[in-house]
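K.L.:
only the shape, not the letters, is given here:
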């Protein structure tokens, strides 16, 4: 079985992405996850350019990795120095890794405009830098920066830079589409030329996604024989990002029959993708192939009933193989099959012809016309089914609330205060709270009033709050949809509210969230 | 020059995406934008499956489109009916479009498991349905659903379905990778076989992004001769989405030398991409190729100085050709080149030592850190420059406001009321107003108090109001950014506010909007 090695550069090229920054501790935690996945190489940073990166190399030395070898990255030495006197190369050696990777210039424009040197001197830099590193490292890789652009501009010179790297004894020549501008045909032509000129030489591929082609271009290079694939988790990286390993690895393993990591480790793909987004506090792309929340979400009625009968009809792989799962979305495009399937997810059994299913469907369509959306508010949907089945319970009655937001001068920040009166089992509670804005004040007052009766509400907290202005009415009179995500130690759930009044919409979602928590508590108590 | 036609299905397949829903009005507004881009076909919906779509077809008939032809979508007729008695086909005819597109089954698994009919009967469905539509439409397209999967499973049968469509006289056979599971090689093999079997037949390509290959697979089909490309703006669509036209069109035009839309219209790509996200209120993917906010953003010091000297060093195309622009990211490591460049982005011509410009830049950095964004709030930015240059004027002073939102029982809708006290030239005005929610009440009260002094404020109205929750703080205490769009008979302008308190954030944007209107009035009066 053919094998391809995975070279992850999330910690180095990945951190070139806008708004993606990692501390030394973050980098260590991520490196351990990548090692656990069974990746072969983890590029830890560029010690010569960024002092923070040296901290990572110092720290990671304290861990025994199971699979991965850590690599330190850098450039060929400065034209005005020798390899032996270059600070950048010395920093790579000081990183104390098993593997070193350096990039050199393949494109004449870059040799002249970025490096300010001659074409001949650049070849020396490549040879001398690699030669120097070979004396300090077991393994040295050469990244041929801008190789494909260089090849298009001056084919012979680009190949001469590869010759220099081969002469210096690099273990692998990595061909880079640094600007991400290449088409599949460009990759095919240049890789074919490299194979003809240097038969049998191990080569790798490193692409960027500026043309939306990073994954495709990588696979084409693998088809042609690449033995190493460079990329990042979630495709993070400079500008539009690097080649996305979350897409490349399942394509290689599940479709091209190429071995890279264990099948069992492939199931960690979604958790690891989410983990890195969480650590870096970057919003996830729900539509991301393979690992996104929507990647196996079915909305159209035709699709849902077909996929229920035979998953391959609308799923290219089994989602569990990458740690993901199928989801059925409830919307005005869905029919009774979807309601039935959804009810099953919640352990409720209804047949397609059950009048309750019809009632839920009708109510759903009505609510969606008002702007409700249950796709991202599964807890609200479960409560809706419960109500239709006559199984819902009221945990409290609202007697009234008032929210006051007051600003007393131009320079003063406003003060938000909420008062609330509720009734639980004959007892009235009347209380007040301040907050960071009116919704937060109301949230604080409601919890304060209820925790007295339901102390287990203290276990839950709101983890996310989203507002969407709905189309239809103009300006500040527009209707808004509020989505609230809540969690406790075990679960996470989402609820929704819609109104012209943002406080009312937030109220609806808050009440659903609290009701859902209470319902969960009672269900668990029953089962125990 | 070779030509490829663009077939947009944002309004049909696009709306299969999770959390992407469009009203009839949204669809009309989007269709007009797509027409203005010069797209050739706009698929408006599936009238047989969704009553909302028929509303679109009724409405769009009232417009004279400049370029595009509207198409109605549907399936081959039901196996138990004839083409003449099938409701779904009748709905397509009733849509009254110039063009009809239907899909049929190419994959034996689908014929049996989804359609529940025989392979032979499926061929009849294709022939009869297309034949029927040909009698009602100038142009009929055939979408060969799951063609590539079908070809892999049973090559001869998949080709027989194409034969049926060709026999029935379809204008274009569109080969679909419906599940998005194909690799570049799969596309190459199947398209090559179609070309051999049906030489000269016009064919199109329709791909999905489940394997992160939709754009690459589309380009490969175009390399092989496809004359029509189906896709959506921003790649919206079921699961991981459809092929992204925002990537495909610039690749075709700027790299493959293929003609599809006017060069001038290509510059609308980023504005149109943003427009659709705004209309549907879907968060943008900042890393999106070509049109994303980060697509030409440079962070690394090496990249910034190289790109300043020669843009091709790290940019695969000139960003302006797709309506985007280069951005230099300001971070702790930014040099003076980055600061100066940032000033240019905002139209400031400064020497590095100008104290006013430095002050604006400092304030900008500070506000952007707080979550302000001036890209979509140019009026707020202009006011900010005016303040720094000592040219701003205060039109009123706020003495205080109070907003009260009160709900008196569970079933009662809340009542929102605002009171406000302002001072203009020594005169105090104290008034109150109700509203559709607290922000609307405050908006109403502020205008009521000011119109007495500035009657020309009656000329302006708020045309849009948007809220985004900013990452950082948890739950309902999160900071929000409010964007307000205002207009009068001549202009349209946008303003921004950021706060933990949605009412304060709205207040900031409202005040900027009113100040901008007054500033415009005075400037015009001076010029007259």
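P.N.:
That came through fine. Every value quoted in this text rests on a predicted model; they were computed, and no experiment measured them.
K.L.:
lowest average confidence, helix or strand, in chain A?
P.N.:
When each helix and strand of chain A is scored by mean pLDDT, DSSP states H and E, helix A:336-345 comes last, with a mean of 69.
K.L.:
relative to its centre, which residue of chain A is most distant?
P.N.:
Here chain A reaches farthest from its C-alpha mean at residue A:426, the gap being 48.5 Å by C-alpha atoms, centre = their mean.
K.L.:
quick one, domains of chain A?
P.N.:
A:5-261, A:297-387, A:396-453 (automatic domain parsing).
K.L.:
what about the longest one, how long is it end to end?
P.N.:
Between the opening and closing residues of domain A:5-261 lies a distance of 8 Å (C-alpha to C-alpha, to the nearest Å).
K.L.:
starting at the chain centroid, how far to that domain?
P.N.:
22 Å (C-alpha atoms, centre = their mean, to the nearest Å).
K.L.:
same question for stretch A:500-508.
P.N.:
Distance, centroid of stretch A:500-508 to centroid of chain: 31 Å (C-alpha atoms, centre = their mean).
K.L.:
that stretch - what's its average pLDDT?
P.N.:
Confidence for stretch A:500-508, expressed as mean pLDDT, is 92.
K.L.:
need the pLDDT of the closest residue to residue A:461 other than its chain neighbours.
P.N.:
Leaving aside its sequence neighbours, residue A:461 sits nearest to residue A:487 (C-beta to C-beta, 6 or more residues apart in numbering or on different chains; 6.4 Å). The C-beta positions use only the backbone N, C-alpha and C, and glycine is treated the same way. pLDDT for residue A:487: 85.
K.L.:
state the number of residues packed around residue A:487.
P.N.:
Using other C-beta atoms under 10 Å in any protein chain shown, residue A:487 has 16 other residues around it.
K.L.:
hey, which of the domains of chain A is tucked in deepest?
P.N.:
Most buried of the domains of chain A, by mean neighbour count (mean count of other C-beta atoms under 10 Å in any protein chain shown): domain A:5-261, with a mean of 21.
K.L.:
picking that back up, for the residue nearest to residue A:461, what are its contacts?
P.N.:
Applying C-beta atoms under 8 Å, 6 or more residues apart in numbering or on different chains, we find residue A:487 in contact with A:460-461, A:463, A:493.
K.L.:
ok, then the element right after the helix or strand containing residue A:273?
P.N.:
Applying DSSP states H and E as the criterion places residue A:273 in helix A:269-280. Per DSSP H and E, the first helix or strand lying C-terminal to helix A:269-280 is strand A:297-298.
K.L.:
just list what the next helix or strand along the chain from that next one packs against, helices and strands only.
P.N.:
Per DSSP H and E, the first helix or strand lying C-terminal to strand A:297-298 is helix A:301-309. Judged by 3 or more C-beta pairs under 8 Å, 6 or more residues apart in numbering or on different chains; DSSP states H and E, helix A:301-309 is in contact with helix A:336-345, helix B:108-113.
K.L.:
let's see it at 6 Å
P.N.:
helix A:336-345 (3 or more C-beta pairs under 6 Å, 6 or more residues apart in numbering or on different chains; DSSP states H and E).
K.L.:
right, and the helix or strand after the helix it packs on?
P.N.:
Assigned by DSSP H and E, the successor of helix A:336-345 is helix A:355-370.
K.L.:
if you look at that next one, does any of it touch chain B?
P.N.:
No - Helix A:355-370 lies out of reach of chain B by C-beta under 6 Å from any C-beta of the partner chain, never closer than 8.0 Å.
K.L.:
equivalent analysis for stretch A:400-413, please.
P.N.:
Yes - legend: contact between stretch A:400-413 and chain B by C-beta under 6 Å from any C-beta is shown at A:400-408, A:410.
K.L.:
can you add distance to residue B:518 and give the domains of chain A back as JSON lines?
P.N.:
Formatted as JSON lines, the domains of chain A follow (distance: least, C-beta to C-beta, whole Å):
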{"stretch": "domain A:5-261", "distance to residue B:518": "36"}
{"stretch": "domain A:297-387", "distance to residue B:518": "35"}
{"stretch": "domain A:396-453", "distance to residue B:518": "16"}
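K.L.:
need the least confident one among those, by mean pLDDT.
P.N.:
Among those, domain A:297-387 carries the lowest mean pLDDT (a mean of 78).
K.L.:
gap between the two ends of that one?
P.N.:
Termini of domain A:297-387 sit 26 Å apart (C-alpha to C-alpha).
K.L.:
next, the angle helix B:502-527 makes with the helix ranked longest in chain A.
P.N.:
In chain A, with assignment by DSSP state H, the single longest helix is helix A:502-527. If you take axes from the mean of the first three to the mean of the last three C-alpha atoms, to 10 degrees, helix A:502-527 sits at 160 degrees to helix B:502-527.
K.L.:
any buried residues in helix A:502-527, and which?
P.N.:
A:502-521 (16 or more other C-beta atoms under 10 Å in any protein chain shown).
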